[in-house]
Every structure is written in C-alpha cells, then in structure tokens.
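Trainee: Okay, predicted coordinates and the sequence, questions at the end:
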Amino acid sequence: MESNVLLEVKDLKVEYHTDETVVHAVNGVSLTLREGETLGLVGETGAGKTTIARTILGILPKPQGHVTQGEIIFEGRNLLELSEKEMRKIRGDKIAMIFQDPMTALNPIERVGDQITEAIRLHNKISHAEAVLRSMDMLEMVGIPKERYPEFPHQFSGGMKQRVVIAMALACNPKLLLADEPTTALDVTIQAQVLALMRDLTKRLGTSVILITHDLGVVASTCQSVAVAYAGEIVEYGTVYHIFNNPLHPYTKGLFDSLPDLDVSKKRLKPIRGMMPDPTNLPEGCTFCERCDYAMEICARKKPAVYEPEQGHTVRCFLAERRVTDGAFAGSAASEKVL
Amino acid sequence: MAPLLEVQHLKKYFKTPRGMLHAVDDVSFTLDAGKTLGVVGESGCGKSTLGRTILHLTDATDGKILFEGRDITYPTRRELSQLRQNMQIIFQDPYSSLNPRMSVSETIMEPLKLSKKYSKAEMIERTKELMATVGLAERFWNIYPHELDGGRRQRIGIARALALGPKFIVCDEPVSALDVSIQAQILNLMLDLQEERNLTYIFITHDLSVVKYISDEIMVMYLGQVVEKAPSHELFRNTLHPYSKALLSAIPIPKVDAQRELIPMKGEVTSPINPRPGCRFTARCPYVEEKCHEPQVLEEIMPNHFVSCCRCREINEISETVKGRN
Amino acid sequence: MKSRKRSRFGETWHRLKKNKAAVIGLVVVIIVLFVAIFAPFLAPYPYDEQDLSNTYAKPSKEHLLGTDKFGRDNLSRLIWGSRNSLIMGLGCVALGTLFGITIGSIAGYFGGRVDIVIMRIMDVFSCVPMLLMCVVIAAILGPSIQNAILAIAISTTPSCARLIRANILTVRDKEFVEAAKAIDAKSPHIILRHILPNAIAPTIVATTMNIGNSIISGATLSFIGLGAQPPLAEWGAMLSEGRNYMRQHMELVLYPGICIMITVLAFNLLGDGLRDALDPRLKN
C-alpha cells in the first residue's frame, strides 16, 4: 500500500502544568499515517493516547496543556503553527473526532437531525434544504432510518447515539477521523456492529483513522497498523502482523500475556507487575524498566533509542538493538535516532 | 452435600412509569461451595440485579433463596446481620464504591467495627492482615482513595469484602474498569483467595473471555432470563443458544486474521418492561419462527447443559435421542 | 499515582490559598469576627453612653468617627454593632442550615412518601415572604434579635433543605452506600458517616454565601424595627436611626452602610473561593 502520507507527527512533546507539578503526558511521539490507513493507538490509562489526539485537533485543555516540542504535519501544513481561526476551519471539516461518551458530542436539547445539518452547513455553503437531505442520507448510511431525524438524543440507545456521532463526524467527509475509545461504553454485540460500520464507511469514503483504544481485540479486527503507547512514548510501532505475530517490546508482550485467551485454558494469567510510572516524575532510563522482566543494567541508566529490527517495525528497547546488530532480522539498518 | 446457595424461580420486578420492568424473571440455579458461577450478559439483562437480590440489597419480588440449606428469602433483622457476615459484594467501579472521605484503613476496618465483635487492638491487627492479604502495603494506612489508582482501590474493596470472613462473594464486574495489566493482577488475586479460603463466587461480567477464565459454570442472561447454562468449557466448545453464539462471535479477538464468522444480530436489546410471553430474543434472532413466541423452558439438552430455545435441536442438528441425565 | 499526602481539607485549603479574592475575604471575615468577639475591649465607650451636650460631633481625638444624635460614640456603636449584626447573620444561617440538613437528609435518604410530604411542606414555607413571616413572628413573640433570627432561619430552611436533599439523592445511589449496607450498617450510621460528609460540600458554599444575605436580612429587619431594639447597636438599626438626618449628617448612614457592604462582600468572596476550591472539576 503505497499511498500518500496524510499526517505526520514528529517528535511531539506535550506537558500539562498544574499548580506545582508538570505532567509529562507525551514524550517524543512520532507517527505516520497514510491516506486510507487505520492506525490503532493502544495503551493503558495515562499512556497519553487521548492527549496525542487532542493535540492533533488543537483542543488541548487551556491553560494547562503545552506543546513543548515537535511538529504535526497534515496535508503539508504544520497544524501547531496555525491560528485558532485556521484550525477551526480544519476541525470538523478535514479532521473530525469521536469520543467515548457520545453525549459529549450531542446537544441533549436539539434534534439529532438538526445537529448533523448544522455540522454540514458549518463547513459547506449549501442551502438548509440541501443540508437536511444530506444529513438524512448520513443517518441512513449509519443504519438509522431517516424518519428518526426529528428525535432527541435521549430517545436513542447508546449504540444509536454513537452511530449519530459517527454520522456527524463523517458528514463533511473528513480526511482524518480521530476515534477515542468509540466503542468502550457499548455492549460487545453493539460494539461489533459499530466497528463493522466504521470499517465499512471509512473504507468507502477513504478516510484515514486513528483509533484510540485499550482493547487489542478491537485493533486486530479494525486496524492496519498499530502504535503501542506507554507513559507518553510509542514503545512499539508496526503493522498489525508485526505487533500481533511478533511483538518485540516486553510491554507489548506483557499486554498479550495479561489477556485471558478464549482458546487456551490457563491456570493463572501472567500480569505485568507494578504500575505505570508517575508522569510527573518519569524515570531517567527506560520508562518500562521497573516492570520489565528482561531489564538489563543499562535500561535504568539510559533511554533506549528507536530501533527497526524489521522493515516498518520499530521498537524502543535495547533488546531490539541486539536483534538488529545480531542480524537476526534481514530488515534495514536501525534508525539511529537517539533521543 | 447440600449446595451452598440455591436460587429457585427468583423474580425481581421494578415499577416504572411505563409498566413493570422484569429485571430478573424466573432464574434458578444451585452453586456448590468453592465454585464460581459466571453470569454473562449485556447491560440491562438483569445480571447486577440478580446479585443484589441474592444479597438482599434489594428485596425479591418472588421466588426462594436458600443459603446452606436455610430459606433466607425474607430474613429477620438478626438473620440478615448474620447473613451479611457470610455474603459479600465486590463492586465494579473502584471509584464510586469507596467513600472518598474515609482512609484505606477506616474503610477496611468499618465492617469489623460494625460487627462489634472485636477490640480496638484486634481490629487494627486484622486490618493489617487484610491489607497484607490483598497486597496493600502498610504505608497506605492513612491514604485516601482518591490518591490511589484503580487497581489498588479495587484491592481495598476486596479487603473490605473479606473482612468478616464471608463464604460467598458476589463480584459485580470487578475488573471491567481496570486496565488489562492490572485486570490480570486482580483476577489472579481473586483466584488465590478462592483457593486459600474456599470462597464461592458469583462472577458477573459482560466480558466473556474473563468469565471463561474464572468460572466453573456459566449462565448467559438475556432480558432477565437465563438463556443458556453450562459448564465453562462446554459452553465455549458447544454453544447452543443463538444469543450466546452471537455474543461469543462479537468478542473482538486479539489475533490477526482470526478465522471466525460474525453471527449477525439485528438491532439492539429490547425493553424489559412488560415483556410479551415467549422467547425474549425473538426481535433479534436470525432463526425466529412462529413457535418462538410461545413460552420457553430451560431444557437440559446435553448433560448439565441447559438451553432455553425451542429450536435449539433443529439449529444445532442434535438428534432427539441425546438427552440430559435425569 | 500521586505521592502528595494531603487530606481533603488540606487540599481545599491549598487551593483556597491561591485565590487572592478569597484570601482577602477570609482576612476581612476574621477581622470582623475578631472585632465582634472582643467588642467590649476594643470599643472606647459603651454603646449606649449618651452625651447630649456633644451631639453630631465631628471626628476628633475623643471620638474618632464623631457622635450621633444622642452624643453616642459612632465608632463604639459600629464595633458593638458588628457583634449584633454577625450574631444575626451567623445565627440565622446556623439555625437555618441545621433545620435544612436535618429535614433535607431525612427527605432525601428515605425518599418516597416521606420525601413528598416533607418537600410539600417546605414548598408552603417558601411561599411566605420573609418579611411577612417576620412581622407575624414579631407580632406573636414580640420584636427582638432572637425572634428575627428565628424568622430568617425559617425562611432560609426550605432552600437549604432542597439543596441538601438534591445532593443526598446523588450520593445515595453511589456504590459505597450500597457497600455500607452490605456490611450491615444501619441507616443513621449510613447517613452520618457515608452520605452527609459527601453531600455537605455544596452546602458549606451555600452557607457561606448565605451569611452575607442573612446579615442584610437582619439589617433589613432592624431597619424596619423588627430586629435589634434601641438602644442596642446594630448596623441595620443604625442605618434606620441615621436615615432621618441623611441630608445633614451623611456619615451616620455611610458608616454602617460601608460596614455592611464590606462584611457581606467578604463573606461572598470567601464563599466563591470555597466553591472553586471544593469543585473537583477544577482539580488539576
């Protein structure tokens, strides 16, 4: 798949300043997203996933949030340098976002159809009647009969609400869709429906998606590439085949081991011991060092660089360096971006 | 040996402005000491209400609950006090299930205090033991819950439930709000405790992979009714009810190219208010027929494998001769 | 995750300290309280010592703020007045909040019919205008500071009860309340230990804000002669006495007016600050 690069995040750092502490939410994240690609951004609470999405959309909470470093290149422009007015044009039109709780995006006292119509008219110079027709099409597209146009959000179930939100997000045919845990609040059967819908629509419309989730199962069925986030860093990045069939970072491996497997019966799970480091006080070396079963002496002292043991599969771990130098993989040479 | 817990035709209805909500509708099961019964279903299927009704956090509308052979459906005040030492609950949300104004030690000590059986020194001693049991360091003694992460909070909840040495614990989605790596820690802890203390669990969850891992027997609920009940491995190997099949097929599997057909399920959960007689899954079932609208019975299709579906044999091509044990 | 070891109170205090307006409010409140408590030691003259040979005196060494129509020392009367004004303000709020919390928690916790009956009675009470209530109470029990306090307290009770009830309703369904039931805690224990401590924060804010209003209400009642009776010094009563001579001696209404304004403002600033400090949404 050799299509154009749509979005490039380069060495992004984001901090939250509170009363007396600095929370290092994102620490040097680089991502590339091609047109039509779906990238899964996986990680646990506090890994900085949502902050990355908010930074791309330019909706970091003010005044606490600060971007201290990095670039976000979208269609050749650095989003971080755009004015609020220019960003407003991009938001909703070229980049749209879906949140975990659909009610954050829906106005409880306005008819759902009107809300979609409004979203369409905000970015398109078309008549009201035209916009209404289009929003009815959007509703049908997400599997809601257009007769429900004049209903209010509370008359919809959770899954239906999330469909409405998807319709609203896709109404202006955005290039990039940021989906932040879009199905976490839904039941599994509804989740399957909504995921299938998203897969289908984004494929049909050619939308690129960054899917933020903590559920590796959702990633496996939806994404082409995966970035595993831990303590504000991308510790492993590659295609779904790289990550699921050949996970190299101990954290990624630990995540897989923590999951109860439906096919295999085990007596005990193998959890990752300990907890994520305090983002106000990150360790000097590798952020995963304290919980890592393979930790070496160097891990506590020095931050591992990003190595590329296989083509397109990058890992932030000294173990991967060994693989690179040992030539265990016939991939390209390691990228020597030591940070 | 008599089962530890026996539930017979338990019903719990709620009055709502739109009619009677059948949260739990005619549920029966038995549970032996030291075993785990997994209760699975989507939101609104009555699984949480079932747990709360057994614990008398809400009163049953009809039916019978027997604990260690005694009828405890309508206990007196004194019987209830006795029961609450034997039956406990662990909640889903480690944030709202702890009083934010009480420190770790105060929370764990509260049940001991209320039981009025222990001296001050004994209470402190026991609280320390409990904290050690669930893996909380003693430095958290005076810490408030908001200073702790979800996993540690859930450990406090577990310690509180264990304080009076219960025999039976209802676990209401105890790991759903936790991150995967922490979830595994808590699940292992619960299994360890079960082995050490011969605890009996009812494990309520919407997560089928978790329930398979922890349960001996699994009960699938849909709109207040049991649609399928079978030993854990049997249920996963040989799923018979159309709803259980759809539910199983909807779990996202963390493997690429997982070979699986997604069983389509139309629409969403219908309302449990004033349900019509007959199978409640008809609105979404791909196999629905005329006879599905008649009342269904939970039938033992295979040994120990109960299914409430009149077309079960046809759909799964099971011959009439395969019968359950008597 | 956080290593800071701070109690809930400590954290609130920490955030309150950051709010300049609230700190100013707090300081003024403390000063006024100090003055009121130590009035007998601070006031240079008794509040009712008349000197008819020296009425309407200009500020001088002997009388820093001059004297009134009976030759009483204005400063002394203001200092003594702070006592009565605060007693009225705080008394009404204390009494009203006490009524409100009791009634509101019973209605909120037990719900159902108890709730309906209690809240309808509260509705009836809140329909009677405060002034009318005071006139009635004064007519029955006679005009005095105590009766004015009772009247104002009764008229603030419904709003306080409603607030407490609403907060209790949100806390009542939290899982930790259910957990308390599961460990065999009885209703009074659950209300006092689990529900009230978590429902009371918004009440603290409302209460602080109410003190300001109550001081004004107290002053109003004294102004129309239903509160503090002469020769007692009270800011509202002083305003009332001074209003006939406003043209010639503006300072007689200016002094108590400014005192009321500053005190009420201070309580309101403190209340605002407390609300921000207690609001978890602003945390972090």
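Mentor: On my side now, so go ahead.

Trainee: any low-confidence regions in chain C?
Mentor: C:1-8, C:279-284 (pLDDT under 70).

Trainee: Can I get stretch C:232-244 as CSV, trimmed to CA atoms?
Mentor: Taking Å, rounded to 0.1, in the frame of the first residue of the first chain, the C-alpha atoms of stretch C:232-244 are listed here in CSV:
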residue,chain,number,x,y,z
LEU,C,232,-28.9,48.2,71.0
ALA,C,233,-26.3,48.9,68.4
GLU,C,234,-26.8,47.0,65.1
TRP,C,235,-25.8,48.2,61.7
GLY,C,236,-29.3,47.9,60.2
ALA,C,237,-30.7,49.7,63.2
MET,C,238,-28.0,52.4,63.0
LEU,C,239,-28.9,52.9,59.3
SER,C,240,-32.5,53.3,60.3
GLU,C,241,-31.7,55.9,63.0
GLY,C,242,-29.4,57.8,60.7
ARG,C,243,-31.8,58.0,57.8
ASN,C,244,-33.7,61.0,59.1
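
Trainee: Run through who's touching that stretch.
Mentor: Contacts of stretch C:232-244 with the rest of the structure, by CB atoms under 8 Å, 6 or more residues apart in numbering or on different chains, involve C:47-48, C:68-69, C:76-78, C:80-82, C:84-85, C:88, C:145, C:215, C:218-225, C:227-230, C:249, C:252-253, C:255-257, C:259-260. No exception for glycine: its C-beta is placed from N, CA and C like everyone else's.

Trainee: go on, stretch A:236-253?
Mentor: Contacts to stretch A:236-253, defined as CB under 8 Å, 6+ apart, come from residues A:31, A:40, A:216, A:219-220, A:223-228, A:230, A:235, A:256, A:272, A:288, A:291-294, A:309-310, A:312-317, A:319-320, A:323, B:254-256.

Trainee: Go ahead and list the helix or strand containing the closest residue to residue B:75 other than its chain neighbours.
Mentor: The shortest distance from residue B:75 to any residue other than its chain neighbours is 6.0 Å, reached at residue B:83 (CB to CB, 6 or more residues apart in numbering or on different chains). Residue B:83 belongs to helix B:77-86 when assigned by DSSP states H and E.

Trainee: picking that back up, which of the contacts of stretch C:232-244 are buried?
Mentor: Neighbour-count burial (16 or more other CB atoms under 10 Å in any protein chain shown) applied to the contacts of stretch C:232-244 gives C:47, C:68, C:76-78, C:80-82, C:84-85, C:88, C:145, C:215, C:218-223, C:227-228, C:249, C:252-253, C:255-257, C:259-260.

Trainee: tell me, what residue is most central in the chain?
Mentor: No chain was given, so I picked chain A. residue A:212 (3.3 Å; CA atoms, centre = their mean).

Trainee: if you could check chain B rather than the one you did, that'd help
Mentor: residue B:204 (2.6 Å).

Trainee: chain center to the top helix by length along chain B: distance?
Mentor: The single longest helix within chain B, with elements called by DSSP state H, is helix B:180-197. Taking CA atoms, centre = their mean, to the nearest Å, one finds helix B:180-197 lying 16 Å from the centre of the chain it belongs to.

Trainee: Output the contacting helices and strands for it.
Mentor: helix A:250-258, helix B:150-162, helix B:208-214 (3 or more CB pairs under 8 Å, 6 or more residues apart in numbering or on different chains; DSSP states H and E).

Trainee: try it again with 6 Å
Mentor: helix A:250-258 (3 or more CB pairs under 6 Å, 6 or more residues apart in numbering or on different chains; DSSP states H and E).

Trainee: Check the spacing between the residue nearest to the spatial centre of chain C and chain B real quick.
Mentor: When CA atoms, centre = their mean is applied to chain C, the residue found nearest the centroid is residue C:211 (2.1 Å). Going from residue C:211 to chain B by CB to the nearest CB, to the nearest Å gives 24 Å.

Trainee: Contact partners for that residue?
Mentor: C:89, C:93, C:267 (CB atoms under 6 Å, 6 or more residues apart in numbering or on different chains).

Trainee: closest to residue B:232 among the residues you listed?
Mentor: Set against residue B:232, the nearest of the contacts of residue C:211 by CB to CB is residue C:93 (60.7 Å).

Trainee: if I pick that closest one, what's in contact with it?
Mentor: With CB under 6 Å, 6+ apart, residue C:93 has these contacts: C:207, C:210-211, C:214.

Trainee: Most neighbours out of the residues you listed, which is it?
Mentor: For those, neighbours were counted using other CB atoms under 10 Å in any protein chain shown, and residue C:214 has the most, 29 neighbours in all.

Trainee: That residue falls within a strand, correct?
Mentor: No - read with DSSP: H, G, I helix; E, B strand; the rest coil, residue C:214 is helix and lies in no strand.

Trainee: was I right about it contacting residue C:87?
Mentor: No - Residue C:214 is not in contact with residue C:87 according to CB atoms under 6 Å; the separation is 10.5 Å.

Trainee: Am I right that residue B:309 falls within a helix?
Mentor: No - Residue B:309 is assigned coil when assessed by three-state DSSP, not a helix.

Trainee: what helix or strand does the residue lying farthest from the centre of chain B sit in?
Mentor: Going by CA atoms, centre = their mean, the residue of chain B most distant from its centre is residue B:121, 35.5 Å out. For residue B:121, the host element (DSSP H and E) is helix B:120-133.

Trainee: so that helix versus helix B:150-162, what angle?
Mentor: Interaxial angle, helix B:120-133 versus helix B:150-162 (axes from the mean of the first three to the mean of the last three CA atoms, to 10 degrees): 130 degrees.

Trainee: any idea of the angle helix B:120-133 forms with helix B:180-197?
Mentor: Using the same axes, to 10 degrees, helix B:120-133 lies at 120 degrees relative to helix B:180-197.

Trainee: Not counting its own residues, what contacts helix B:120-133?
Mentor: B:105, B:108-109, B:112, B:159, B:163.

Trainee: okay, those residues in TSV with distance to chain C, neighbour count and pLDDT next?
Mentor: Converted to TSV, these look like this (distance: CB to the nearest CB, whole Å; neighbours: other CB atoms under 10 Å in any protein chain shown; pLDDT from 0 to 100):
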residue	distance to chain C	neighbour count	pLDDT
B:105	14	22	93
B:108	10	29	94
B:109	11	22	94
B:112	9	20	93
B:159	12	24	94
B:163	7	25	92
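
Trainee: As TSV, these with distance to residue A:159 would be great.
Mentor: As requested, the contacts of helix B:120-133 are exported to TSV (distance: CB to CB, whole Å):
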residue	distance to residue A:159
B:105	43
B:108	39
B:109	43
B:112	44
B:159	37
B:163	40
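
Trainee: which one of the residues you listed sits closest to chain A?
Mentor: Comparing the contacts of helix B:120-133 against chain A with CB to the nearest CB places residue B:159 closest, at 18.1 Å.

Trainee: From what I see, that closest one and residue B:152 are in contact.
Mentor: No - counting by CB under 6 Å, residue B:159 stays clear of residue B:152, with 10.5 Å between them.

Trainee: What are the buried residues along the helix holding residue B:121?
Mentor: For helix B:120-133, a neighbour-count test (16+ other CB under 10 Å) marks B:123, B:126-127, B:130-131, B:133 as buried.
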